[in-house]
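Visitor: Predicted model and sequence follow; I will ask about them next.
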Amino acid sequence: MTTTPPSADVLIIGWGLAGLVAACEALDAGRRVILIDQEPRTNLGGQAWWSFGGLFFIDSPEQRRMGIRDSVELATQDWFGSAGFDRPEDEWPRRWAEAYLQFAAGEKRAWLRERGVGFFPVVGWAERGGYGAIGPGNSVPRFHITWGTGPGIVAPFAARVEQAEREGRITILPRHRVTDLVVTDGAVTGARGSVLAASGEARGVESSREAVGEFEIHAGATIVSSGGIGGNHDLVRAAWPARLGTPPAHMLTGVPAYVDGSMHAVSASAGARLINGDRMWHYVEGITNWDPVWPSHGIRILPGPSSLWLDATGARLPVPLFPGFDTLGTLEHLRTTGYDHSWFVTSRQIVEKEFALSGSEQNPDLTGKDVGLLLKSRLAKGPTGPVQSFLDEGVDFIVENDLESLLEQMRRHPGGESLDIDNVRREVQARDREMDNDFTKDAQIGMLRSMRGYRGDKLIRTAAPHRLQDSAAGPLVAVKLHVLTRKSLGGINTDLDGRALGADGAVIPGLFAAGEASGFGGGGVHGYRALEGTFLGGCLFSGRQAGRAAAR
C-alpha cells in the first residue's frame, strides 16, 4: 500500500519541542503544515515531555528576587568559557551562541509567559565549574524550573498545534518514519519513507518498526527536528571522542529508544553537513530505574555538593570534580580509571536535602503543579517520594547504620570487588575530621559552606555541613553511579535562520533543522560543554528561528 498525504507549505519531521515550536510559528504565518513522527501519538512532545523543565535565563526577575546579579556580559563569559569553541566549523555555532544569549536575556521569558508558562521561584545553580572566572561553569545560579516541568513547557505549543489540527490547518501523522529526503534540482522538496504498523504503546515505551506501507510528502520547506543519538548506544560509541577515553561498555539510557539519530544520516545523504558529532553530553550520576519505561532506562541524580565522590577503586575524585560542578570534566576523569561506574558515599540527611531526580515523572509535585505536595516533599523532613522509592527499591542504593556495615555491603555489590575498602574508610574518616572546625583545607567542604550563603541553596539544595558518621544525620548511604546517555552537542550545520548548510557552506534550498538535530542551533551552539537549562531553551529558540524562516 502506498499512502500519499497532501502536500504542504512546511513539512516538519519530529514532534518534540523544537518541532512543535516550529509548527506554531509556521501556522501563525498562515502556512499549511504537515507534522510527522515515527512514534505513536502518545509521544507528542517527544523527549522534552520527560525533562525536568530547566530553562536558562539571564537577569530574570526570579534571579533578582534571590539577590543574584547577572548580565549578558557575565553569561557570555561563562558560555564561551564552557563552550571552548576551537574549530573553523564553529563559526555558525558561535553566532548562535551570541544570538541565544540575547534571547535568554531579552524576550524569551516574556514570550513564554505570554503562552502561560510559569517558573518555580527558587533559581538553581547547576554546573558550578570551580576552575576560575574564565573557565567553564555558571558564575551565578541560572537554572529556572518550569512550573509543570517538561509537560508544562510542552503543553502550550502542543495545545496550539492540536487546535490548528481541529481547524484543518495542520495534518499530524504518527508512525511515519522518514528514510529519504526528496531532492529536486538541488532543493529539498519533501520526504519519503515507511508507514509503520499502528501502535498503542504508552509514552516512552519502545515501539515496533514493522513497515506496513510507504509514503511521500511534498513541501516547499522541510524542517528536521528529530532529536539526537542518545537512545542508540552504537552511534554514541561510534562518535565517542578519544579525548574522553574509551566509551563505556555499560551505559544507562536517559532518553527513549526513538532518540536514534536516524535522521542525521538521511539529512547527510541529501547534502547536509554534519559537524561536531564527537561533542556530546552524558551524565555520570546515572542510576538504574527501578520502574523502567524504555530499555536500560536510567535516571540522573541532580546532586547537591555534599556527597563524597569516589571512583570504582575508592579513590576520591580530584578538585574541583565535586557533585554538580563539571559534568564533562568528571566524565573525562572517570574514563581514565578503567571502570564504568563510580560511587557516592553520603548520609540520609544529605539525600533528603540534596538528591533531586531528573525527569518530569520523578517530580510529581512540580509536574502536577501541586503546591501542597511541593511544600510537603521539598521542605518537610524526609526525602521526596520518588527518592524514597529508589532508597527502597533501587539496585544501586545501599543503606546501613554504620560505616563498617556499609563498606561490607559495597564490597559485596556488583563492581564492589574493585574497591580498596581501607581507602574508602580513610576518606570518610578524614572528611569527618575536617568537619570539627569552621575552617578547613578540604576544598569541597569550603565550597559547600560557601554555597549556603546563597538563599536558594540553603533553603532546598545544600544540607547543613555534618559528619557522614553523625548518627543524627541518619543511616549512611552508598550509591553506585553509571554513565547515562543524554544529549548530542553536534548536528546539522545551520545558519541563524535554521537553513541547513552543505559541505561548501552554501544553503541547501528547502531544508531546515532545529533542536538537537542541529546541535540546538548551528550544529553545536554549546561547543564542548553546556551550562544546563540550555537544552530546552535551544529547542525553543532554534524551533522558532526555523519555523519563521521556513514560513517566509
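Guide: Happy to help now that I have it.
Visitor: residue ranges with poor pLDDT in the stretch 451-552 of the chain?
Guide: Counting by pLDDT under 70, not a single residue of the stretch 451-552 of the chain qualifies.
Visitor: any idea where the helices of it begin and end?
Guide: Ranges of helices within the stretch 451-552 of the chain are 455-456, 535-550, based on DSSP state H, counting those that start in this stretch.
Visitor: Is it possible to get JSON lines of these that adds distance to residue 376 and mean neighbour count?
Guide: In short, each C-beta sits where N, CA and C put it, glycine included. Converted to JSON lines, the helices of the stretch 451-552 of the chain look like this (distance: least, Cβ to Cβ, whole Å; neighbours: other Cβ atoms under 10 Å):
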{"stretch": "helix 455-456", "distance to residue 376": "19", "mean neighbour count": "18"}
{"stretch": "helix 535-550", "distance to residue 376": "27", "mean neighbour count": "27"}
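Visitor: got CSV for the ones you listed, with distance to residue 195 too?
Guide: Below are the helices of the stretch 451-552 of the chain laid out as CSV (distance: least, Cβ to Cβ, whole Å):
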stretch, distance to residue 195
helix 455-456, 49
helix 535-550, 24
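Visitor: Could you work out which of those reaches nearest to residue 258?
Guide: Closest of those to residue 258 is helix 535-550, at 15.8 Å (criterion: Cβ to Cβ).
Visitor: helices and strands of this protein: which one has the lowest mean pLDDT?
Guide: The helix or strand of the chain with the poorest confidence is strand 2-3; it has a mean of 50 (mean pLDDT, DSSP states H and E).
Visitor: returning to what we had before: which one, of the helices of the stretch 451-552 of the chain, ends up nearest to residue 92?
Guide: helix 535-550 (11.7 Å).
Visitor: Point out the other elements, helices or strands, that the closest one touches.
Guide: Packing contacts for helix 535-550, counted by 3 or more Cβ pairs under 8 Å, 6 or more residues apart in numbering; DSSP states H and E, involve helix 17-28, strand 54-56, helix 91-105, helix 108-114, helix 149-166, strand 211-224, strand 507-513.
Visitor: Strands of the stretch 151-300 of the chain, start to end?
Guide: Along the stretch 151-300 of the chain, the segments classed as strands by DSSP state E, counting those that start in this stretch run 170-173, 176-184, 187-196, 211-224, 252-253, 274-275, 280-288, 298-302.
Visitor: Compile those strands into a markdown table and extend it with columns for mean neighbour count and mean pLDDT.
Guide: Shown next, in a markdown table, are the strands of the stretch 151-300 of the chain (neighbours: other Cβ atoms under 10 Å; pLDDT from 0 to 100):
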| stretch | mean neighbour count | mean pLDDT |
| --- | --- | --- |
| strand 170-173 | 19 | 98 |
| strand 176-184 | 19 | 98 |
| strand 187-196 | 21 | 98 |
| strand 211-224 | 22 | 98 |
| strand 252-253 | 24 | 98 |
| strand 274-275 | 20 | 98 |
| strand 280-288 | 24 | 97 |
| strand 298-302 | 25 | 97 |
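Visitor: Surely residue 477 and residue 397 touch.
Guide: Yes. Assessed by Cβ atoms under 8 Å, residue 477 is found in contact with residue 397 at 6.7 Å.
Visitor: what residues are shared contacts of the two?
Guide: Counting by Cβ atoms under 8 Å, 6 or more residues apart in numbering, the residues touching both residue 477 and residue 397 are residue 391.
Visitor: Which one of the helices of the stretch 451-552 of the chain lies nearest to residue 180?
Guide: Minimum separation from residue 180 across the helices of the stretch 451-552 of the chain (Cβ to Cβ) falls at helix 535-550, 19.4 Å.
Visitor: Run through who's touching stretch 75-94.
Guide: Residues from elsewhere that reach stretch 75-94 (Cβ under 8 Å, 6+ apart): 58, 97-98, 101, 104-105, 127, 129, 133-139, 142, 275-276, 493-496, 501, 519, 521-531.
Visitor: so who does the closest residue to residue 354 other than its chain neighbours touch?
Guide: Distance criterion Cβ to Cβ, 6 or more residues apart in numbering; nearest residue to residue 354, sequence neighbours excluded, is residue 304 at 2.7 Å. Listed by Cβ under 8 Å, 6+ apart, the contact partners of residue 304 are 323, 324, 350, 353, 354, 355, 448, 457, 461, 462, 463.
Visitor: neighbours around the last one, how many?
Guide: By that I understand residue 463. Residue neighbour count, defined by other Cβ atoms under 10 Å, stands at 22 for residue 463.
Visitor: first to last residue in stretch 39-49, what's the distance?
Guide: 14 Å (Cα to Cα, to the nearest Å).
Visitor: go on, stretch 502-521?
Guide: For stretch 502-521, the first-to-last residue distance is 15 Å (Cα to Cα).
Visitor: right, so of the helices of the stretch 451-552 of the chain, which gets closest to residue 263?
Guide: Across these, residue 263 has its closest neighbour in helix 535-550 (14.0 Å, Cβ to Cβ).
Visitor: Let me know the angle separating the closest one from strand 507-513.
Guide: Calculated by axes from the mean of the first three to the mean of the last three Cα atoms, to 10 degrees, helix 535-550 forms an angle of 140 degrees with strand 507-513.
Visitor: picking that back up, give me the buried subset of the contacts of stretch 75-94.
Guide: Neighbour-count burial within those applies to 58, 97-98, 101, 104-105, 127, 129, 135-139, 142, 275-276, 493-495, 501, 519, 521-531; the criterion is 16 or more other Cβ atoms under 10 Å.
Visitor: To residue 208, which of the helices of the stretch 451-552 of the chain lies closest?
Guide: Nearest to residue 208 among the helices of the stretch 451-552 of the chain is helix 535-550 (27.0 Å), distances taken as Cβ to Cβ.
Visitor: one step back: put together TSV for the helices and strands packed on helix 535-550, with distance to residue 204 on each row.
Guide: Conversion of the helices and strands packed on helix 535-550 to TSV gives the following (distance: least, Cβ to Cβ, whole Å):
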stretch	distance to residue 204
helix 17-28	15
strand 54-56	19
helix 91-105	28
helix 108-114	25
helix 149-166	12
strand 211-224	22
strand 507-513	24
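Visitor: Let me know which of the ones you listed is tucked in deepest.
Guide: With neighbours defined as mean count of other Cβ atoms under 10 Å, those peak in mean count at helix 17-28, which reaches a mean of 29.
Visitor: which stretch among the helices and strands packed on helix 535-550 comes nearest residue 362?
Guide: Using Cβ to Cβ, the helices and strands packed on helix 535-550 put helix 149-166 closest to residue 362, at 9.1 Å.
Visitor: Give me the helices and strands touching that closest one, please.
Guide: helix 17-28, strand 170-173, helix 364-367, helix 535-550.
Visitor: Identify all contacting residues around it.
Guide: With Cβ under 8 Å, 6+ apart, helix 149-166 has contacts from 17, 20-21, 23-24, 27, 33, 35, 44-45, 48-53, 55, 112, 115-118, 146, 148, 170-172, 359-360, 363, 366-367, 369, 536, 540.
Visitor: For residue 95, which non-adjacent residue is spatially closest?
Guide: Per Cβ to Cβ, 6+ apart, closest to residue 95 is residue 496, 5.9 Å.
Visitor: correction: residue 549
Guide: Nearest one to residue 549, counting by Cβ to Cβ, 6+ apart, is residue 497 at 3.6 Å.
Visitor: What distance do you get for that neighbour to residue 366?
Guide: Distance, residue 497 to residue 366, using Cβ to Cβ, to the nearest Å: 35 Å.
Visitor: Residue 215 now?
Guide: 39 Å.
Visitor: Relative to residue 442, how far out is residue 319?
Guide: Separation of residue 319 from residue 442 (Cβ to Cβ) stands at 9 Å.
Visitor: and for these two, which residues touch both?
Guide: Listed contacts common to residue 319 and residue 442 are nil; contacts here mean Cβ under 8 Å, 6+ apart.
Visitor: picking that back up, let's have the contacts of residue 304 in JSON lines, adding distance to residue 62.
Guide: Output for these, formatted as JSON lines (distance: Cβ to Cβ, whole Å):
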{"residue": "323", "distance to residue 62": "24"}
{"residue": "324", "distance to residue 62": "19"}
{"residue": "350", "distance to residue 62": "26"}
{"residue": "353", "distance to residue 62": "21"}
{"residue": "354", "distance to residue 62": "21"}
{"residue": "355", "distance to residue 62": "23"}
{"residue": "448", "distance to residue 62": "23"}
{"residue": "457", "distance to residue 62": "15"}
{"residue": "461", "distance to residue 62": "15"}
{"residue": "462", "distance to residue 62": "18"}
{"residue": "463", "distance to residue 62": "23"}
